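# My questions concern the predicted model and sequence given below.
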Amino acid sequence: MGADVVTESKDRREPVGGRLTVNRPGRGGHGGPVADERSVIFDVQNLSVFYGEFRAVREVSLPVHRNEITALIGPSGCGKTTVLRCFNRMNDLIDGARIEGTILYHGVDLYERGVDPVEVRRRVGMVFQKPNPFPKSIFDNIAFGPRIAGFKGNMADLVEESLQKAALWDEVKDKLKESGMALSGGQQQRLCIARAIAVQPDVILMDEPCSALDPIATLRIEELMQQLVSDYTIIIVTHNMQQAARVSDRTAFFTVDVRHDGQRTGTLVEVDATDKMFTNPSDPRTEDYVTGRFG
Ligand SMILES: Nc1ncnc2c1ncn2[C@@H]1O[C@H](COP(=O)(O)OP(=O)(O)OP(=O)(O)O)[C@@H](O)[C@H]1O
Ligand SMILES: [Mg+2]
């Protein structure tokens, strides 16, 4: 099963059509690097990210595998959010932000001229640290994105299906007209996940999605992530080591290099199967971090 989509640049000076191809074979084994190149959904090569003159992240190379959960961990300021935002070109929205290097998405350069960032953000959805439902009804929170994307099917079915997938349907099915803001924090975060799912993405990015939630709501989101990963690819930033160890298949550990002149740059220390990262990492800096000796 697969679909080819040609995105057309809205800028007529850029007539080059970018091609974003989506294929979704079944989920690979849990953990363990997968040798099959076709399982790589994002291939990050020598990525540096700048905010103006400041290089926030230096030369990151990292594969992200489809139908896996990849966790990005590391101390505050090492560039996890910065790297996460590159996967759906959210950094484009920040004045002065630019990248060097390449991110291939299904083999297509995400930053190539002609790739439409709006289409990229539909395919690569995002869930933020603080649940941010729109000040609208639960139904309209979900229907908003599909309406803008020109969805022509049965909206009520799509809303139900999205809420079902986000494990929220049973709790809200009798109050779809009530405000999304009136839900509990954990429910709001599941609403935001349902909203991300409703536009039929390929990848879901999550930036510390549980940090504002209590342990029970956190567990629900973790269980939900493990259900969703059979249909989607998930990249999660988390400060919670147990969470990374519990939910992710692969973990990337970043740190901050401080130069003699005080310049701080985020770097990738290593990326590997989560089991290995937490029991027998290759780099002593990873071991210090995951065992709590640092950070
Ligand atoms: N919009 C921005 N403009 C300028 N500098 C930024 C911007 N966003 C982040 N930075 C800088 O980039 C570096 C990496 O920040 P980033 O937010 O990616 O770190 P992080 O690993 O997500 O940290 P935390 O764990 O605290 O969320 C930091 O030095 C930060 O000050
Ligand atoms: Mg961050």
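The structure has been received and is ready for your questions. Ligands and ions are numbered 1, 2, ... in the order given.
# Residues of the protein that sit close to ligand 1?
If contacts are counted using C-beta under 6 Å from any ligand atom, the residues of the chain sitting beside ligand 1 are Y51, A56, S76, G77, C78, G79, K80, T81, T82, I94, R264, G266. Using the backbone N, CA and C atoms, a C-beta is placed for each residue, glycine as well.
# Show the pLDDT at the residue nearest the centre of the chain.
Here the mean C-alpha position of the chain is nearest to the C-alpha of L205 (C-alpha atoms, centre = their mean), at a distance of 1.4 Å. Looking at L205, its pLDDT is 98.
# Spit out the contact partners of it.
Taking C-beta atoms under 8 Å, 6 or more residues apart in numbering as the criterion, L205 is in contact with L84, R85, F87, N88, V124, G125, M126, V127, I234, I235, I236.
# show me where the stretch 151-295 of the chain has strands.
In the stretch 151-295 of the chain, strands defined by DSSP state E, counting those that start in this stretch lie at 203-207, 233-237, 250-258, 264-273, listed in chain order.
# Can you pull out the residues in contact with the longest one?
By C-beta under 8 Å, 6+ apart, the residues outside strand 264-273 that reach it are 31-33, 55-63, 74, 77-80, 82-83, 249-259, 277, 281-283, 285-286.
# Only the buried subset of the residues you listed, as a PyMOL command please.
Below is the selection syntax for PyMOL that covers the buried ones among the contacts of strand 264-273, with 16 or more other C-beta atoms under 10 Å defining burial:
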select buried, resi 55+56+57+58+60+62+63+74+78+79+80+82+83+249+250+251+252+253+254+255+256+277+281+285+286
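# ok, which pair from the contacts of L205 is furthest apart?
R85 and I234 (15.5 Å; C-beta to C-beta).
# and the strands of the stretch 151-295 of the chain as a markdown table, adding distance to S162?
A markdown table is the format used below for these (distance: least, C-beta to C-beta, whole Å):
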| stretch | distance to S162 |
| --- | --- |
| strand 203-207 | 12 |
| strand 233-237 | 16 |
| strand 250-258 | 27 |
| strand 264-273 | 31 |
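# centre of the chain versus stretch 231-251, how much separation?
Taking the mean of its C-alpha atoms, stretch 231-251 sits 10 Å from the chain's own mean (C-alpha atoms, centre = their mean, to the nearest Å).
# How about stretch 140-148?
Taking C-alpha atoms, centre = their mean, one finds stretch 140-148 lying 20 Å from the centre of the chain it belongs to.
# Quick check: buried residues in that stretch?
Neighbour-count burial for stretch 140-148, counted by 16+ other C-beta under 10 Å, picks out D140, N141, I142, A143, G145, P146.
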